[in-house]
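Colleague: no sequence on this one, just coordinates:
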């Protein structure tokens, strides 16, 4: 992660967004142990985030 942050900083890009985007691209294209469980967990978090009303809407 630090390597990706260093690369994006040297390119002068939007460091936070570009770092997360590149890290997701690298992680998503590599196989790792429990990848399916990892993806299911994060899909669940995204679903919960969409289904729970925002505090701003209250």
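Modeller: That came through fine. Since we're looking at a predicted model, the values are computed, not measured.
Colleague: what about residue 30, which SS state?
Modeller: Assigned by DSSP: H, G, I helix; E, B strand; the rest coil, the conformation of residue 30 is coil.
Colleague: Phi first, then psi, for it.
Modeller: Backbone torsions for residue 30, taken as degrees, to the nearest 10, come to phi -110, psi 150.
Colleague: From residue 38, how far off is it?
Modeller: Remark: distance between residue 30 and residue 38 (C-beta to C-beta, to the nearest Å) = 12 Å. C-beta: built from backbone N, CA, C; applies to glycine.
Colleague: Comparing those two, which residue is more hemmed in?
Modeller: Using other C-beta atoms under 10 Å, the more surrounded residue of residue 30 and residue 38 is residue 38, with 12 against 8.
Colleague: Now that one: which helix or strand?
Modeller: Secondary structure assignment for residue 38, by DSSP states H and E: helix 35-51.
Colleague: Counting neighbours, which bits of that helix end up buried?
Modeller: For helix 35-51, the neighbour count (16 or more other C-beta atoms under 10 Å) marks no residue as buried.
Colleague: Can you spell out which helices and strands pack onto it?
Modeller: Applying 3 or more C-beta pairs under 8 Å, 6 or more residues apart in numbering; DSSP states H and E, one finds that helix 35-51 contacts no other helix or strand.
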